[in-house]
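**Student:** sequence and predicted structure are below.
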Amino acid sequence: MKREDLYESMEGIDEEILARSEARGKGRRPSPRWVGVIAAVLVVAILGVTLLWPGGGAPLTASAYAVAEAAYPAMAPYPNEDDYLQADGTYDDEAFSAAYDAWRTDQQARQQPEGYAAGLETFWQQSMKQFLAGSQEENQVYSPVNLYLALAMLAEVTDGASRQQILDLLGQDTVEALRAQAQAVWQANYCADGANTCILANSLWLNQDVTFVPETMQTLTQNYYASTYQGEMGSADFDKALQNWLSTQTGGLLDDQTQDLTLDANTVLALASTISFQSKWSREFSPDATAPQTFHSPAGDVTCDFLHSSRQSTYYWGEHFSAVGLYLAAGGILWLLLPDEGLTPQDLLADDQAMDFLRSNGNWTNQKYLMVNLSLPKFDVAGNLDLQDGLQELGITDVFDSTVSDFSPMTTQTQGIFLSQAQQGVRVAIDEEGVTAAAYTVIAGETSAAPPEEEVDFVLDRPFLFVLASDDGLPLFAGTVAQPG
């Protein structure tokens with residue numbers, strides 16, 4: 001199917017893409033001096049032969065190849081107080097209140113019904129256990145929501161047993177039910193109001209010489225806000241357009257990971273997805289309190305900077321762990337789980353009670369509000385995961401086998417398509433002001449602690465588990481810290 005045919009098949013799709021500059025325009029709260037950034041990138045490439053990843057160069061605009069560019073939902077902007085400052089030095093409280101009420105009403109309208117993520121608990125637990133169960137001496141990091149959205153889109157372009165295995169892992173009976181849930185997850189996390197930023201973007205990259213099923217294209221565009229681009233696979237210009245799209249969606253944060261990303265001439269199609277998130281701590285750590293301290297790593301003691309605070313907070317505990325949560329100004333929370341002496345973060349991943357605690361999102365029986373003296377190492381952890389073996393152990397096998405894989409919802413022109421590569425790279429760092437993190441996923445195919453006293457020292461000076469969760473408790477990032485710094 002050529003480009004002009006795809007234009008006709010996608011008639012009615014809004015082709016105005018959300019410009020990032022508009023998301024930071026007038027009427028917004030000024031950008032803070034520092035904001036945490038989370039960006040997750042998924043690239044799914046389905047080919048007839050091996051996908052190659054060398055290349056690079058100055059990127060071209062993706063719009064030159066656009067078939068349809070997705071329009072993001074408009075959001076009421078968070079009112080910038082300075083915009084309501086009058087000449088006499090007073091504020092126009094009435095106008096500010098009206099703008100705030102409009103923003104609040106819009107936020108409430110976007111809330112998803114209770115239980116919208118029901119059924120995903122097993123996937124969160126199984127996948128975290130699978131992909132964070134590496135060496136106890138190394139940092140491990142993983143993005144559960146990124147993989148979930150990747151698999152949801154993969155289900156749309158497969159059928160038969162290939163699709164059923166994905167549905168089984170994600171806890172849904174039909175692709176329609178999965179699609180509805182993925183939409184809810186998308187809507188629950190998307191935000192571009194000028195104060196909080198959590199942008200989810202998707203795109204399709206099509207071989208101009210291959211016929212595709214227009215209904216599947218429409219499904220991905222209408223339900224996943226997927227823009228569509230078509231061009232010459234394997235050409236330097238098309239590769240640069242893809243790199244530019246990824247760079248734009250992630251604010252350049254992942255350029256080092258994506259600048260050499262290329263697609264082979266035999267690529268049938270590629271799906272790309274990004275998640276970017278910006279926030280600060282709701283209560284920053286004082287830089288004056290940061291001081292060197294010893295971290296007892298399995299590989300030997302190391303000295304690194306620790307963040308320190310003493311504040312009233314909720315302290316949680318279970319049979320084999322204790323925990324606190326650090327709230328983000330943009331919404332969400334960073335859970336810190338410290339295993340009891342003699343246990344490891346990997347032990348907690350296999351501990352049902354610890355996983356139940358994470359699913360509870362703070363609704364936990366063993367808790368007490370008291371003074372928490374927190375000592376937390378500043379960490380910058382990064383890791384690369386080969387997802388292929390893990391996905392097969394989780395039950396997704398057919399898409400990796402060309403003799404049984406079924407990609408017919410996407411194209412019937414090319415046979416023997418199978419996935420030959422599945423990788424995720426993630427980086428998460430914290431400091432006094434907030435969290436910075438980045439991740440990308442590439443899927444390529446070929447043709448109990450004791451109850452606390454009124455004051456407690458929570459000292460994370462040995463390996464621990466962290467989970468960065470949304471307001472609703474969905475795990476955006478998860479990891480283990482064995483070597484901070």
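**Tutor:** Looks like it came in fine. Numbering: from 1, shown residues only.
**Student:** for residue 197, which non-adjacent residue is closest in space?
**Tutor:** Spatial nearest neighbour of residue 197, excluding adjacent residues (C-beta to C-beta, 6 or more residues apart in numbering): residue 278 at 4.1 Å. To be clear about C-beta, it is placed using only N, CA and C from the backbone, and glycine gets the same treatment.
**Student:** who's the one you found bridged to?
**Tutor:** Beta bridges link residue 278 to residue 37, residue 197 when assigned by DSSP bridges.
**Student:** same check, this time on residue 302
**Tutor:** Beta-bridge partners of residue 302, as defined by DSSP bridges: residue 295.
**Student:** what about the residue nearest to residue 197, distance to residue 100?
**Tutor:** According to C-beta to C-beta, to the nearest Å, residue 278 stands 21 Å off from residue 100.
**Student:** of the two, which one has the most company?
**Tutor:** Between residue 278 and residue 100, counted using other C-beta atoms under 10 Å, the more crowded position is residue 278 (25 against 16).
**Student:** what sits against residue 234?
**Tutor:** 262-267 (C-beta atoms under 8 Å, 6 or more residues apart in numbering).
**Student:** okay, now the residue nearest to residue 63 when sequence neighbours are not counted: neighbour count?
**Tutor:** Spatially, and ignoring its direct neighbours in sequence, residue 63 is nearest to residue 69 (6.8 Å; C-beta to C-beta, 6+ apart). Burial measure for residue 69: 20 neighbouring residues, criterion other C-beta under 10 Å.
**Student:** please report phi then psi for residue 69.
**Tutor:** Torsion angles at residue 69 (phi, psi; degrees, to the nearest 10) stand at phi -110, psi 130.
**Student:** pLDDT at it, what is it?
**Tutor:** Predicted confidence (pLDDT) for residue 69: 83.
**Student:** I'd like the distance between it and residue 276.
**Tutor:** Relative to residue 276, residue 69 is positioned 17 Å away (C-beta to C-beta).
**Student:** one more: residue 116?
**Tutor:** Distance from residue 116 to residue 276, by C-beta to C-beta: 22 Å.
**Student:** and residue 332, by the same measure?
**Tutor:** 14 Å.
**Student:** these two: which is more packed in?
**Tutor:** Neighbour comparison, residue 332 and residue 276: the larger count goes to residue 332, with 25 against 22 (by other C-beta under 10 Å).
**Student:** which residue ranges of the protein form helices?
**Tutor:** Counting by DSSP state H, the chain has helices at residues 3-9, 20-23, 93-110, 121-131, 144-156, 160-170, 175-189, 214-224, 236-249, 255-258, 345-349, 352-360, 387-393.
**Student:** who wins for proximity to residue 474 among these?
**Tutor:** Among these, the nearest to residue 474 by C-beta to C-beta is helix 144-156 (5.7 Å).
**Student:** so which bits of the closest one are buried?
**Tutor:** For helix 144-156, burial by neighbour count (16 or more other C-beta atoms under 10 Å) applies to 144-156.
**Student:** ok, stretch 216-235 next?
**Tutor:** Using 16+ other C-beta under 10 Å as the test for burial, stretch 216-235 gives 216-231, 233-234.
**Student:** who are the contact partners of the nearest residue to residue 152 once chain neighbours are set aside?
**Tutor:** Counting by C-beta to C-beta, 6+ apart, residue 152 lies nearest to residue 182, which is 4.1 Å off, once chain neighbours are set aside. The contact partners of residue 182, taken as C-beta under 8 Å, 6+ apart, are 148-149, 152-153, 223-224.
**Student:** need those residues in TSV (columns: pLDDT and distance to residue 410).
**Tutor:** Shown next, in TSV, are those (pLDDT from 0 to 100; distance: C-beta to C-beta, whole Å):
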residue	pLDDT	distance to residue 410
148	89	20
149	87	17
152	92	14
153	88	11
223	90	15
224	87	14
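**Student:** farthest-separated two in those?
**Tutor:** Top of the distance list for the contacts of residue 182 (C-beta to C-beta): 148 and 223, 14.6 Å.
**Student:** filter the contacts of residue 234 down to the buried ones.
**Tutor:** Neighbour counting by 16+ other C-beta under 10 Å classes 262-264, 266-267 among the contacts of residue 234 as buried.
**Student:** tell me the two of the residues you listed that are most distant?
**Tutor:** Using C-beta to C-beta, the two most remote members of the buried ones among the contacts of residue 234 are 262 and 266, lying 12.3 Å apart.
**Student:** quick check on residue 70: phi, psi?
**Tutor:** Torsion angles, degrees, to the nearest 10, at residue 70: phi -70, psi 140.
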